[in-house]
Every structure is written in structure tokens, then in C-alpha cells.
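Give me a 3D structure for the following:
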Amino acid sequence: MPPRPRFDRRAPVRELPNINERIGYPNLRVVDADGSQLGVITREAALEVARDRELDLVLVSEKADPPVCRIMDYGKYKFEQEKKAKEAKKKSHQTEVKEVKMRYKIDDHDYQVRIGQAVRFLKSGDKVKCTVIFRGREIQHTALAEQLLLRMAQDLGENAEIQQPPKREGRNMIMFLSPRKAAITKTSSKPTRSLSDSVSSASASPVAAEAVSAG
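You can find the predicted model right below:
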């Protein structure tokens, strides 16, 4: 029976940058630190220029003929590249769906807590799934749950817009909100939907009709 393979615990080999003495090409096209062209010179001459300026000789284009190098402060260059990469990562926020759960008989304090949670999620660029949970015979009050969700959408109107209106899903009622691209200001002439309008639309919806027929 062959021996069991042992795990290689050695650290992975780091790929070192092609700078200074690690550049092996005999002739190089060199760009000075100020962007001026030094032309095609030997590797030794390029290294000498970099030493005189107390800078590094960095290979920037290996496929060119001859390869292109630039004289620069490699430590500073590397720091700036890492900083740019971190900033790009922050900007490329991956949108997630965060959920806010509640009962249709929620009190005002708990409701305001849910509003605060939703605002934080929306300002972070995430979508919000608002869920009203039914227990037992509470399923008969879907109209009240829909009114609550529409009230939440109105209260979050400055930060959110409805992506999916209230909809019954099993023993829950859900609504999806997405971050508003342009925040609504108080001086905006764009009319906002009042709570009475939301309630009236809720009473006209199939979900509300279902609740009426159930009563």
C-alpha cells in the first residue's frame, strides 16, 4: 500500500516584481521619472541612471521590443496602486437583499426601529425585503398587513421606491424596496403619494378583496 501523501506546508512562492537587478534583458527602452524618453540603452546603463536618481528601474512592458522600463519610486507606486484597488473595491458595492420582519399589530416604537433598520440598509445601497408575518388566524387580516407595508413605503419615500408592491407569499406578505437613485427634497414639486391614497389603493387590491370576502 503506497504511503499517504503529506501536505506541503511550505509557504507559496511569491511572484516578485521585475525591478532593478531582476530585469534580465540586455537592452531596454527607458522612460525617465519625469516622463522623458532616454531611448534604448543597455540594462547596466539604465540601472546606473536609476541609482543616480535614488529610484528604481521597473519593467512596465515585457512584450515590447525592446522591453520598456520606467524609472520611479517603486514603493510609492505600489502603495498608490493598492490604494486605488481598495477604493475601487469600495465603490463596487455588491447589492444585497436585507430583510425587515414585523407583525401587522406592531406597536409604534418597534415600527420606528424597523424604519431605522430599513434606512440604514437603503443608504448602504442594499434592497430591503419588508415582511409581515402571520400567525394562526391572523392570516385573515391581510388587508391590514398591506396597509402597514404601504405606510412603510411612504415613510421611506425619501430613500426608497417600491420595486415589488405588497404580495401574499405563503403565510407572509412581502414587499421589496430598492434605494432611490435621487433623493426627494422637501422643495421638490413631484407629488408624493399620501397615506390615504395608499389605503384606498390597498382596499381596491386583490389582497384586500380577499380579506373582505374572508370576513
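
elements contacting the lengthiest helix in the chain?
Residue-count comparison of every helix in the chain, with assignments taken from DSSP state H, identifies helix 74-91 as the longest. Counting contacts by 3 or more Cβ pairs under 8 Å, 6 or more residues apart in numbering; DSSP states H and E, the secondary-structure elements packed against helix 74-91 are strand 56-61. For the C-beta atoms, the positions are set from N, CA and C on the backbone; glycine is no exception.

Quick check: next helix or strand after the strand it packs on?
Reading on from strand 56-61 to the C-terminus, the next helix or strand found by DSSP states H and E is strand 68-72.

Give the rounded mean pLDDT of that following strand.
In this model, strand 68-72 carries a mean pLDDT of 94.

helices or strands next to that strand in the packing?
strand 27-31, helix 43-52, strand 56-61.

count of residues packed around the residue lying closest to residue 61 once chain neighbours are set aside?
Nearest in space to residue 61, with sequence neighbours left out and distances taken as Cβ to Cβ, 6 or more residues apart in numbering, is residue 68 at 4.0 Å. Under the neighbour criterion other Cβ atoms under 10 Å, residue 68 is assigned a count of 17.

tell me the contacts of residue 68?
If you count contacts by Cβ atoms under 8 Å, 6 or more residues apart in numbering, residue 68 has them with 28, 29, 30, 31, 59, 60, 61.

As JSON lines, those residues with distance to residue 125 and neighbour count would be great.
Putting those into JSON lines (distance: Cβ to Cβ, whole Å; neighbours: other Cβ atoms under 10 Å) gives the following:
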{"residue": "28", "distance to residue 125": "46", "neighbour count": "24"}
{"residue": "29", "distance to residue 125": "45", "neighbour count": "20"}
{"residue": "30", "distance to residue 125": "45", "neighbour count": "25"}
{"residue": "31", "distance to residue 125": "40", "neighbour count": "19"}
{"residue": "59", "distance to residue 125": "39", "neighbour count": "19"}
{"residue": "60", "distance to residue 125": "36", "neighbour count": "13"}
{"residue": "61", "distance to residue 125": "37", "neighbour count": "13"}
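
Next, format these as CSV and append distance to residue 95 and pLDDT.
Converted to CSV, those look like this (distance: Cβ to Cβ, whole Å; pLDDT from 0 to 100):
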residue, distance to residue 95, pLDDT
28, 46, 94
29, 45, 95
30, 46, 95
31, 41, 93
59, 39, 93
60, 36, 90
61, 37, 90
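
hang on, the earlier thing: just the buried residues of the longest helix of the chain, please?
Within helix 74-91, the residues that qualify as buried by neighbour count (16 or more other Cβ atoms under 10 Å) are residue 74.

Just the C-alpha atoms of it, please, in PDB.
Output for helix 74-91, consisting of C-alpha atoms alone and laid out as PDB, is shown next (Å, rounded to 0.1, in the frame of the first residue of the first chain):
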ATOM      1  CA  TYR A  74       8.500  51.600  -6.700                       C
ATOM      2  CA  GLY A  75       7.500  51.700  -3.100                       C
ATOM      3  CA  LYS A  76       5.400  54.800  -3.600                       C
ATOM      4  CA  TYR A  77       4.000  53.400  -6.900                       C
ATOM      5  CA  LYS A  78       2.900  50.100  -5.200                       C
ATOM      6  CA  PHE A  79       1.300  52.000  -2.300                       C
ATOM      7  CA  GLU A  80      -0.800  54.100  -4.800                       C
ATOM      8  CA  GLN A  81      -1.800  51.000  -6.800                       C
ATOM      9  CA  GLU A  82      -3.000  49.300  -3.600                       C
ATOM     10  CA  LYS A  83      -4.900  52.400  -2.500                       C
ATOM     11  CA  LYS A  84      -6.700  52.600  -5.900                       C
ATOM     12  CA  ALA A  85      -7.600  49.000  -5.700                       C
ATOM     13  CA  LYS A  86      -9.200  49.400  -2.300                       C
ATOM     14  CA  GLU A  87     -11.100  52.500  -3.400                       C
ATOM     15  CA  ALA A  88     -12.400  50.600  -6.500                       C
ATOM     16  CA  LYS A  89     -13.500  47.700  -4.200                       C
ATOM     17  CA  LYS A  90     -15.400  50.100  -2.000                       C
ATOM     18  CA  LYS A  91     -17.200  51.600  -5.000                       C
END
